[in-house]
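Novice: Sequence and predicted model, in that order:
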Amino acid sequence: MLGAAFLGNPAAAQAKPLNVVASFSVIADFAKNVGGDRVAVESIVPVNGDAHTFEPRPADVIALKRADLVLVNGLQFDPFMQRLASSSGTKAALVEVTKGIKPLKNQEEEHDHDGDHDHDHDHGKGEAHDHDKGEAHEHGHDHEHHHDHDKEGAHDHDHEHEHGHHHHGQFDPHAWQSVPNAIVYVKNIADALCKADSAGCDTYKKNASDYTQKLQALDESVKAAFAALPKDRRTIITSHDAFGYLGATYGLTLLAPEGTSSETEATAADVAAIIRQVREDKGAAIFMENITNPALIKQISSETGVPVGGKLFSDALSGPDEPASTYLDMMKYNVDTITSAILKK
């Protein structure tokens, strides 16, 4: 057994894998593809889990304490990770992997707070990450530039508690639903792994390049699938507004009664408004999600006569026995489910 190390086996030459902790399963999958055999990846929110309502466990504190690198989405999707980092006293760098992505405005925020926070949010979309800084050094130690765009998180979080709101901040956090954005996630993860483990940097860059080619091919197939849909059959309804980036990138109109957070319960007025809009816009299909209760969607389907087109995977990958256990599989499955439901009618 000892001979392997002397035969130049790269895996054996590395004493132990780099411990990487991701906030949720999509980032964990990206990290596995980039890290390969050099990393051991753990997701805090489990598969089919809802990050919006997630409550960390004591084991999660231990996971962060042992981590060599912590990867988070940012954009107020996973603020619990900042609290876990603080509780654990981790010395690992905490990196937001949405850095460099141009985020979509949170329409819910605009409607609910129109004019309320001009003093805090007087920024254009392109400056989204420049003011994302409120929880940067909450752990009491320096994570260098990784926290430079984490400030809006705490700021919006404070406003949410002050006003009793439970939705996200100024921006929609579900950026991975656009494949070009996923490519940015992968680059940021490769950069973070290189910084944490310089000896493996060439491996990480090669893995990232190979995986990016798969993402580019996926992007082309998604474009082609949605381009084939009739222009008047591109309005779909989901439980919460997790697919805004999918719509913006590929030309769909998305409606959702719950806004960008599944934690925000839809009121009767919200549901009535969606039903009215579905009837007016001739909604093409309605979908359940893997992380939410299907009752609301079934009600909307019943009252509009638009059938439920199946289940989409939004904020979490599936388990290994389901059809969306990787990001590539999730996107393919969602696109197939959407297009099949629309073209079937």
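Specialist: Perfect, I can see it now.

Novice: Where do the strands of the stretch 201-345 of the chain begin and end?
Specialist: Taking DSSP state E, counting those that start in this stretch as the test, the strands found in the stretch 201-345 of the chain are 235-237, 253-255, 285-289, 308-312.

Novice: Turn the ones you listed into JSON lines, including mean pLDDT and mean neighbour count.
Specialist: C-beta here means a position set from N, CA and C on the backbone, and glycine is covered the same way. Shown next, in JSON lines, are the strands of the stretch 201-345 of the chain (pLDDT from 0 to 100; neighbours: other C-beta atoms under 10 Å):
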{"stretch": "strand 235-237", "mean pLDDT": "88", "mean neighbour count": "24"}
{"stretch": "strand 253-255", "mean pLDDT": "87", "mean neighbour count": "17"}
{"stretch": "strand 285-289", "mean pLDDT": "87", "mean neighbour count": "23"}
{"stretch": "strand 308-312", "mean pLDDT": "90", "mean neighbour count": "20"}
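
Novice: closest to Thr337 out of these?
Specialist: strand 308-312 (4.5 Å; C-beta to C-beta).

Novice: Quick one: work out the angle between that closest one and strand 285-289.
Specialist: Strand 308-312 and strand 285-289 are oriented at 40 degrees to each other (axes from the mean of the first three to the mean of the last three C-alpha atoms, to 10 degrees).

Novice: and strand 308-312, which strands flank it?
Specialist: Sheet pairing for strand 308-312, assigned by DSSP bridges, gives strand 285-289 (parallel).

Novice: biggest helix in this structure, by residue count?
Specialist: The longest helix of the chain (DSSP state H) is helix 201-227.

Novice: what would the strands of the stretch 201-345 of the chain look like in JSON lines with distance to Glu55?
Specialist: Listed next are those as JSON lines, based on distance: least, C-beta to C-beta, whole Å:
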{"stretch": "strand 235-237", "distance to Glu55": "29"}
{"stretch": "strand 253-255", "distance to Glu55": "28"}
{"stretch": "strand 285-289", "distance to Glu55": "20"}
{"stretch": "strand 308-312", "distance to Glu55": "24"}
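
Novice: between these, which gets nearest to Ser86?
Specialist: It is, among the strands of the stretch 201-345 of the chain and with distance given as C-beta to C-beta, strand 285-289, at 30.5 Å.

Novice: Could I get the full set of helices for the stretch 1-150 of the chain?
Specialist: Under the criterion DSSP state H, counting those that start in this stretch, the stretch 1-150 of the chain contains helices at 3-6, 10-13, 25-35, 58-66, 80-88, 107-112.

Novice: among those, which gets the worst mean confidence?
Specialist: Lowest mean pLDDT within those: helix 3-6, a mean of 42.

Novice: returning to that earlier point: can you give me how far the longest helix of the chain is from the chain middle?
Specialist: 17 Å (C-alpha atoms, centre = their mean, to the nearest Å).

Novice: Could you do stretch 81-91 as well?
Specialist: That offset, for stretch 81-91, works out to 20 Å (C-alpha atoms, centre = their mean).

Novice: and that stretch, which residues are buried?
Specialist: Met81, Gln82, Leu84, Ala85, Ser86, Ser88, Thr90 (16 or more other C-beta atoms under 10 Å).

Novice: cool, and stretch 306-326?
Specialist: So, applying 16+ other C-beta under 10 Å, buried residues of stretch 306-326: 306, 308-318, 322, 324-326.

Novice: Span of it from start to end?
Specialist: End-to-end distance for stretch 306-326: 30 Å, by C-alpha to C-alpha, to the nearest Å.

Novice: Going forward, the N-terminal residue is numbered 22.
Specialist: That works, and once the first residue is 22, the last one we named lands at stretch 327-347.

Novice: Excluding sequence neighbours, find me the nearest residue to Thr325.
Specialist: Nearest residue to Thr325 in three dimensions, chain neighbours excluded: Val299, at 4.6 Å (C-beta to C-beta, 6 or more residues apart in numbering).

Novice: how many neighbours does that neighbour have?
Specialist: Around Val299 there are 22 other residues, counting by other C-beta atoms under 10 Å.

Novice: and if you look at Ala220?
Specialist: As a burial measure, Ala220 scores 11 neighbours (other C-beta under 10 Å).

Novice: what does Thr119 give?
Specialist: With other C-beta under 10 Å as criterion, Thr119 counts 25.

Novice: No further questions, thank you.
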